[in-house]
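Undergrad: What would the 3D arrangement of this be:
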Amino acid sequence: MAQVLPDVFHPVSPKFWCSQDESKQKLNAILTGHKDMFDALGAFQKNGNQVTLSAGNHDVDLYWPRIQADLKQEIHPDVKFELGETVYYRYGTRLVIGHGHMYDAANSFRNWKDPIDKDQQRLEMCPGTLFMVKFVNWLEAKFPFSDNVKPVTALGRLLWSEKRPDFKAAAKILFQFTYKNPVTALGMDSANDLEGIGKALLIELSVNEILQEKITKLYHQVRDPNATTETVMNDLSSEERLIDFLKELFLRLAPEVWLPVLGEYEAASLGGDDENSLSILRSGMAKDKENLRNEAIGYLAMESGSYEVVVFGHTHQPDEWRGSNGNLAGGYFNPGSWTRYVDLDKVYNLKLADLENENDFPYQLNFIRVEQSASGTLRADKICFEEASGARFAPTPKPTKYLKATS
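TA: I've put the predicted structure just below:
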């Protein structure tokens, strides 16, 4: 929902995503473009099965009543929606299913129970969606595969590791939007390596008259065309207010308008470009996949033993963990993505230039099958439906147990 017809979304604030009407326009395009998929879901439901839809960070639109009604009409009246929880359970609590975005600060929601703002009649928007819709979509024109680097924090780290100061500025803004301590989020050890852009920019604005003039021109475009430089500096007098202003730049202006200003400032002010810093950042890109796996292992390791299988998504990277010895019938599983993906813990030196050709990356359509044995325990397998190798980056090798389980 987030990527379809991006121009349908008419922003009113960095806090809010689509209205119900805007979401409906997006859904209409999806239903028209993928009729075969919805017909297949309907056939599956008619055969005595149950289709259940649950929202992730890119389809919070499923909370709208009219969206649910249209999907029921298109698929089947008995389609179910499960919304508002971080995870859901089947077989008591033995099967745990969650999208996984609520474990990711950039893509989590403050009010996932009910993200519809009653006053604005709009959905809540998480920082990752703001960054994706207003920056990554622009970046895709030159680097088509950039949207496939998931989650968006991994792309942020990649941007920061580039030599371009404007991309560094964009990455720092993303992490400043998302974390109270962007230094820690980027994987650096101390504030001496990298300061948050809000604090550093605030200090620079207090002494740099040229930067003040440029920020004032941007202010004219997003807030008040008649504001004086003095008025602007008074309004942006705290780190919190400055960050809110940067969010408005993201929301209301094309990156080619504001990016050069912040990039110019970044080039003059940034340190921490040594190879050791870049190595830390690149290795940190794989941590999003690792963090989600660790969340799953946390369930499986509980002494109660009431959790046997955990299934997450979100990272777009296939994953499987059957215990430290690899002998669990259940475990943790992530099917990955419906499109080509990059396995970040296998591609250590990935650069932005590598994202120019989608065919360089592998494609693997997986699903997770979970069955209850005669003894009552659960057995799960990650099954590949279709795959293709990338021209440069090979897919993740299939585990031996996978081959035995699905042959």
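Undergrad: For this structure, give me the ranges with low pLDDT.
TA: 179-197, 266-286, 345, 348, 394-407 (pLDDT under 70).
Undergrad: Contacts made by stretch 317-330 with the rest, please.
TA: 94, 150, 289, 292-293, 296-297, 300, 308-309, 331-337, 341-345, 364, 366, 370, 373, 377-380, 382, 396, 399, 401-402 (C-beta atoms under 8 Å, 6 or more residues apart in numbering). Every residue, glycine included, has its C-beta placed from N, CA and C.
Undergrad: Next one: V347 from K142, what distance?
TA: Plainly put, V347 is 20 Å away from K142 if you go by C-beta to C-beta, to the nearest Å.
Undergrad: Have a look at the two and say which one is more surrounded.
TA: Taking other C-beta atoms under 10 Å, V347 and K142 do not tie; V347 has more neighbours (17 against 11).
Undergrad: Is the more buried one located within a helix, as I assumed?
TA: No. Applying DSSP: H, G, I helix; E, B strand; the rest coil, one finds V347 to be coil, outside a helix.
Undergrad: tell me the contacts of the residue nearest to it when sequence neighbours are not counted?
TA: Spatial nearest neighbour of V347, excluding adjacent residues (C-beta to C-beta, 6 or more residues apart in numbering): F393 at 5.7 Å. F393 makes contacts with V342, D343, K346, V347, D360, F361, P362, as judged by C-beta under 8 Å, 6+ apart.
Undergrad: Three-state assignment for F393, please.
TA: Going by three-state DSSP: F393 is coil.
Undergrad: going forward, begin numbering at 42 instead of 1
TA: Done: numbering now begins at 42, and the last item shifts to F434.
Undergrad: measure it to R198 for me?
TA: Counting by C-beta to C-beta - F434 and R198 are separated by 18 Å.
Undergrad: For F176, grab phi and psi.
TA: phi -130, psi -50 (degrees, to the nearest 10).
Undergrad: Share the number of residues neighbouring it, please.
TA: With other C-beta under 10 Å as criterion, F176 counts 24.
Undergrad: Tell me how far it lies from L292.
TA: 10 Å.
Undergrad: swap in G354?
TA: 27 Å.
Undergrad: same deal with T134?
TA: 40 Å.
Undergrad: likewise E344?
TA: For E344 relative to L292 (C-beta to C-beta), the value is 47 Å.
Undergrad: When these two are compared, which one has more neighbours?
TA: Neighbours of E344 and L292, each counted by other C-beta under 10 Å, are more numerous for L292; the result is 19 against 5.
Undergrad: Just read off the phi/psi values of I138.
TA: phi -130, psi 130.
Undergrad: what does the one 3 residues further on give?
TA: For G141, the backbone dihedrals (degrees, to the nearest 10) come out as phi 110, psi -10.
Undergrad: From F426, how far off is it?
TA: 21 Å.
Undergrad: So between the two, which is more surrounded?
TA: Ranked by neighbour count (other C-beta under 10 Å), G141 and F426 place G141 first, with 25 against 9.
Undergrad: so who does the more buried one touch?
TA: G97, L333, E336, F353, G354, H355, T356, N375.
Undergrad: The first one touches G354, doesn't it?
TA: Just to be clear, that refers to G97. Yes. G97 is within contact range of G354, at 6.8 Å (criterion: C-beta atoms under 8 Å).
Undergrad: Who has more neighbours out of the two?
TA: More crowded of G97 and G354, by other C-beta under 10 Å: G354, with 22 against 17.
Undergrad: how close does that one get to I409?
TA: In terms of C-beta to C-beta, G354 sits 10 Å off from I409.
Undergrad: residues shared between the contacts of these two?
TA: Common neighbours of G354 and I409 (C-beta under 8 Å, 6+ apart) are P376.
Undergrad: Kindly check the end-to-end length of stretch 355-370 for me.
TA: Start and end residues of stretch 355-370 are separated by 23 Å (C-alpha to C-alpha, to the nearest Å).
Undergrad: Over to stretch 370-383?
TA: By C-alpha to C-alpha, one end of stretch 370-383 lies 27 Å from the other end.
Undergrad: Distance from the chain centre to it, please.
TA: 15 Å (C-alpha atoms, centre = their mean, to the nearest Å).
Undergrad: Likewise for stretch 85-92?
TA: For stretch 85-92, the distance to the chain centre is 30 Å (C-alpha atoms, centre = their mean).
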